[in-house]
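K.L.:
attaching a predicted model along with its sequence, questions to come.
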Amino acid sequence: QSAPQVVLVGMGADEQFAGYGRHRTRFQKQGWQGLVDEVEMDITRISYRNLGRDDRCISDHGLESRYPFLDEDLVTFLNSLRMDEKVDFSLPRGFGEKKLLRDAARRIGLQSSAELPKRAIQFGSRIAKIDSGKTKGSDDMETPTR
């Protein structure tokens, strides 16, 4: 058995499918155009804000990263869609954001995964709380049992 050499990274999914809580907030305050502006800003700055940092962290562990959600053809296709095809904020958290991805997950039998609310790794793992001592938004979420 060989150790993995490549890791698939989900970067770009939240940015393109309005998966962050601030996307919902922007939509509530400024409507569709505000949301479109926020998503465009995210996509524009992803290369210098996140990509280099994450790639360095991954390569430091001897792995190569692949970013399927940043594939040029996929980004072009997603930019051709209307925002209401990618998100539905009339639905509750865990259903309305990243709607297109969630629908695809359901179609291939990943029902329970399709309904999980987003949890940033630093909050889902509780490391941010340990680091700062402050309570985070994910503290009201149940910890999965094994």
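P.N.:
That came through, no problem.
K.L.:
list the buried residues in the biggest helix by length in the chain.
P.N.:
Taking DSSP state H as the criterion, the chain has its longest helix at helix 21-46. In terms of neighbour count (16 or more other C-beta atoms under 10 Å), helix 21-46 has its buried residues at H23, R24, R26, F27, L35, V36, E38, V39, D42, I43, I46. For every residue, glycine as well, the C-beta is placed using N, CA and C.
K.L.:
how about stretch 108-121?
P.N.:
A114, K118.
K.L.:
quick check: mean pLDDT of stretch 76-90?
P.N.:
On average, the pLDDT along stretch 76-90 is 94.
K.L.:
figure out how far whatever helix or strand comes next after the longest helix of the chain is from the centre of its chain.
P.N.:
Later in the chain than helix 21-46, the nearest helix or strand by DSSP states H and E is helix 52-59. Relative to the centre of its chain, helix 52-59 is centred 17 Å away, using C-alpha atoms, centre = their mean, to the nearest Å.
K.L.:
which strands and helices sit next to the helix or strand just after helix 52-59?
P.N.:
Heading C-terminal from helix 52-59, the first helix or strand you meet, by DSSP H and E, is strand 64-66. Helices and strands touching strand 64-66, by 3 or more C-beta pairs under 8 Å, 6 or more residues apart in numbering; DSSP states H and E, are strand 6-8, helix 52-59.
K.L.:
alpha carbons of the following helix or strand past the shortest one, as CSV, please.
P.N.:
Next along the chain after strand 6-8, taking DSSP H and E as the criterion, comes helix 13-16. Listed in CSV are the C-alpha atoms of helix 13-16, where the atom choice follows Å, rounded to 0.1, in the frame of the first residue of the first chain:
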residue,chain,number,x,y,z
ALA,A,13,-16.6,25.9,-3.8
ASP,A,14,-17.7,28.4,-1.1
GLU,A,15,-16.5,31.3,-3.1
GLN,A,16,-18.4,30.4,-6.3
